[in-house]
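> Need coordinates for the below:
(2 chains)
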Amino acid sequence: MRHAPNRKVVVTGLGLATSLGLDLDTCWEKALAGVSGVKRISYPGAERSPVQAVGEVGAEDWQRIRAAFREYAECEGERRTLFALWSAEAALKDSGVLDSDLSRKRFGVSLAAGLGINRLEDIQRWMRGDRTFDYAAFGRDYAGVHAESIMRNNSNRPPAVIADRHALAGYNCTITTACASATQAIGAGFRAIQRGDADLILAGGADSMINPVGLIFFVLLGAAAVAPDDPATLCRPFDRKRSGLVMGEGAGIAVLEEESHALRRGARIYAEVAGYGSSMDAYQVTAPHPRGIGAEASMSRALRDSGMGPGDIDYINAHGTSTKLNDAAETAAIKNIFGEHAKALAISSSKSLVGHLLAASGGPEFVFTVMSTRHDLVHPTINLENPDPKCDLDYVPKHKREKRIRAALSNSFGFGGQNASIIVRKYMQEER
Amino acid sequence: MAATDIVITGAGVVSALGNTPEDLWSALLASQTGIRPVDGFPEGSSPLAAAQVSGIDPAELGIPRRDARIMGRHSGMLIKSSRDAYLRAGLDSRSVPAEETAFFAGMGMVDYRMDDLMPALLRSLNQDGSIDYDRFYSTGYQEIFPLWPLSMLNNISFCQAAINLDIRGENTVFSPHADSGAQAIAEGARTVSEGRAAAVLAGGVSEVVSPLSIARAGIFGLLGEPGKGSMTCRPFGEDRSGSVLGEGCGIVCLETRSSAEARGAAFSTMFMGYGNSCGKETGAACPSVDAIVQAMEQALDSAELNPADIGLIIAHGDGTLQGDRNEAEALRRVFQAGLPVYASKAALGNCLAAGPAIDIVLGSYMIAQGMIPAVFGLDTPSGSLGLRVVTQGPLRARPGKVLINAFSYEGQCTSLIIGAAD
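Next comes the predicted model:
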């Protein structure tokens, strides 16, 4: 196997679709201002859903996305595919790369994917009078399954559609590691460019579980916040009264580019991707390791990969799900790695603002981490009112912070015990 | 030969033709097929064929009963293959620590079983048989087993395998088709060559054959005539009519030659290169000719080889009209005429993400034993495709270096190259 180089990777474009809005500036301004995107659910027929607070992409924004991709809106069954198309296009425009002379064989896509959608209609439609499932009838006309059905939508559809629309013929992969997916997809894209397998990768994730069976998914697992509180205050990572995750939907996608490629075309460089690491708890599929050993391993691998020490990190965009177990375990892991420096870190959870985008969560969180590193600004963890003795670090409660960010780390930990951490460093060309 | 070569020191396989590499290889040499009428489907299902796996017992694999309830058949296949690869490579936590062992797999879509959701649906129906979502959200959903959601995440069985073997290193799950299994193996090879792990398990597992997975393949046009389904898979055949789904899993253990030699681990095959691309054929569930050419050329470049160095192609060959046509044209463009072509799907069905690792195991046998089995049941290869598909076998040959193709329904392509580790 040909020896792989170790090339430098930079971020040159960012695209978002979240409950805060459909463009980078709007989302970032609202995040800094501590505005929550979580509202009472508007999904049709969900008035009695146990989950009432969700970070939905608003109805008007959804119509804008559909109008922009009319030819896809008619045939794509899943919201996530349109979110992916929207954010990918936004990131591409932001980077200006399509205006330059480039080899599309060297341009790939690495995207996270979440669960397929299980529609009760796919069973109900083939029920016999005696209320049993008619397999024979189903076998004859299964083409009639719901447009959103898992039988109609493969997880690799979003990256394939993006590649098709923009004729990106390079490496194209789909990562499915639950809530760690998008950070792992960005990690896979980072590695592909480092190794010379591609010059450019659109990396991130798109997801939505706002559908009937999706809405009750985390309720069954006892991980969803279901209190009848004001939706905007329900997601409160690191707060003593946190009661579970609040679902969001949308996408966050970045253009990752090999440094000399970006410099040659005079691209604006947001930041450098400096390191990546992943790990497994190998503990339980239902809960993170209480001391966060897996989280600790992924952070320390990312640090080692970047060649930096704990003292070089100024900001952590936490996984911070607002569940009892995660926030305490993540805090413990950060303390183990960073020691005394842990207290000097600014830490915040984007999920407090946009909810948990599940497989895609690492996408917008990476985008915000890049923005913090570029602008020396950290968005707050909102709704953090009641300190928890187990969560005793600086989570930038309620108000944004101006702080010099030399480098920042973003964490994502998935159900099952897969963990990923990625490090973004302030870009300074004079270092070369 | 170099200390940094990536070698294969162990393998585990689960397939319709046996649950060890040896059993699978001898079944193929004996011209057997694993494709049979589908077993275990409820009465009244339409007649269909698939290559299904049997003989995987969760209890035998040391899986606790409470975990078994949230594990589909794919979990058992993955744990069995991973365990075999790990043990056959002679790994243990003393020779290679848990943190230094990495794990990458391609994994398919995971489908619910009717019984998982039926009670909730029945509880949510109106008198007229329509779904009342108010009922579903208030009481209906509570009929679902609370841990059922975990069984729907395809990474959960991967994590169960990691717990089973205590693997804590670098990892990811690619999905859902054949290319994902190949991407996992390429990622594994890079991970050990870059020193991010001392050993890696990599491969993939198929989807479980069920009414849902068959419907999915049918909707994408893989199974011939909609609703009917083909009973045979004839890669590159004149009479090919579509693919047949297969169940299976393949996992290989990869490490550097120096690490394998230091541990005294045996090996005969090395992993030499990979290439990736994406480009969908309009109106068909397969990649374009250009995309296939690009992946194969990149793989050759990555392995620092010329087309003439390759002695055998193990094709993706899924038996679809357009898919095989495109692959054949791409092969003709890149390689000289007369190069032998093998396709395992004729006997094992379309094992999706499991295909590439299984093909690596088969390719290793072909290299080591100098024999290429005949493609099962292929009496009349399509003349117009212009390939030398192995129809009489086993063919005596010394392939030396083998290129393996793996494609998705959506246009993603990955090609891998393995060769003899002299």
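
> CA atoms for contacts and neighbours, from now on please.
Fine.

> now the helices for the stretch 101-250 of chain A?
A:121-124, A:135-141, A:157-166, A:181-194, A:212-220, A:231-234 (DSSP state H, counting those that start in this stretch).

> Identify whichever of those helices lies nearest to residue B:222.
Taking Cα to Cα, helix A:135-141 is the member of those nearest to residue B:222, at 14.7 Å.

> I figured residue B:206 hits residue B:349, correct?
No: if you go by Cα atoms under 8 Å, residue B:206 and residue B:349 don't touch, sitting 10.4 Å apart.

> any common contacting residues for the two?
Both residue B:206 and residue B:349 are in contact with B:246-247, where contact means Cα atoms under 8 Å, 6 or more residues apart in numbering or on different chains.

> Low-confidence bits of the stretch 151-300 of chain B, can you list those?
For the stretch 151-300 of chain B, the stretches with pLDDT under 70 are B:225-229.

> which residues of it fall in strands?
When secondary structure is read from DSSP state E, counting those that start in this stretch, the stretch 151-300 of chain B shows strands at B:171-174, B:199-205, B:248-256, B:269-278.

> what about the last one and chain A, touching?
Yes: using Cα under 8 Å from any Cα of the partner chain, strand B:269-278 comes into contact with chain A via B:271-273, B:276-278.

> Check the first one too.
Yes: contact of strand B:171-174 with chain A (Cα under 8 Å from any Cα) involves B:171-174.

> I'd like those as TSV, with neighbour count appended.
TSV is the format used below for these (neighbours: other Cα atoms under 10 Å in any protein chain shown):
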residue	neighbour count
B:171	30
B:172	32
B:173	31
B:174	34
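
> Residue B:353: what's its closest spatial neighbour, skipping adjacent residues?
residue B:178 (4.0 Å; Cα to Cα, 6 or more residues apart in numbering or on different chains).

> ok, now residue A:157?
residue B:410 (6.6 Å).

> Just give me the neighbour total for the one you found.
Using other Cα atoms under 10 Å in any protein chain shown, residue B:410 is surrounded by 25 other residues.

> element containing it?
Here residue B:410, judged by DSSP states H and E, is contained in no helix and no strand.

> Among the residues of strand B:171-174 next to chain A, find me the one that's closest to chain A.
Taking Cα to the nearest Cα as the measure, residue B:174 is the one of the residues of strand B:171-174 next to chain A closest to chain A, at 4.6 Å.

> got the contact list for the closest one?
For residue B:174, the residues meeting the contact criterion (Cα under 8 Å, 6+ apart) are A:173-176, B:104-107, B:180-181, B:183-184.

> and it, what are its bridge partners?
Applying DSSP bridges to residue B:174 yields these beta-bridge partners: residue A:175, residue B:106.

> Ranking the strands of the stretch 151-300 of chain B by mean neighbour count, which comes first?
Each of the strands of the stretch 151-300 of chain B was scored by mean neighbour count; the highest is strand B:199-205, a mean of 35, by mean count of other Cα atoms under 10 Å in any protein chain shown.

> packing partners for that one?
If you count contacts as 3 or more Cα pairs under 8 Å, 6 or more residues apart in numbering or on different chains; DSSP states H and E, strand B:199-205 packs onto helix B:73-88, strand B:101-107, helix B:178-193, strand B:248-256, helix B:355-369.

> how big is the angle separating that strand from strand B:248-256?
Angle, strand B:199-205 to strand B:248-256, by axes from the mean of the first three to the mean of the last three Cα atoms, to 10 degrees: 160 degrees.

> What would strand B:199-205 look like as CSV? C-alpha coordinates only.
The C-alpha trace of strand B:199-205 is given here as CSV (Å, rounded to 0.1, in the frame of the first residue of the first chain):
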residue,chain,number,x,y,z
ALA,B,199,-4.3,-4.7,15.4
VAL,B,200,-7.7,-4.1,13.8
LEU,B,201,-10.8,-6.2,13.1
ALA,B,202,-12.5,-5.1,10.0
GLY,B,203,-15.2,-6.3,7.7
GLY,B,204,-19.0,-6.2,7.5
VAL,B,205,-22.3,-7.9,8.2
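
> Pull up the pairing partners for it, direction included.
Strands flanking strand B:199-205 in the sheet, each with its direction: strand B:101-107 (parallel), strand B:248-256 (antiparallel) (DSSP bridges).

> quick one: is the next helix or strand after the shortest one near chain A?
Past strand B:101-107, heading to the C-terminal end, the next element that is a helix or strand (DSSP H and E) is helix B:114-123. Yes: in terms of Cα under 8 Å from any Cα, part of helix B:114-123 sits within range of chain A, namely B:114, B:117-118, B:121-122.

> contacting residues around stretch A:400-414?
With contacts defined as Cα under 8 Å, 6+ apart, stretch A:400-414 is touched by A:32-34, A:177-181, A:183, A:295, A:299, A:312-319, A:361-362, A:365-366, A:369, A:372-374, A:376-380, A:419-426.
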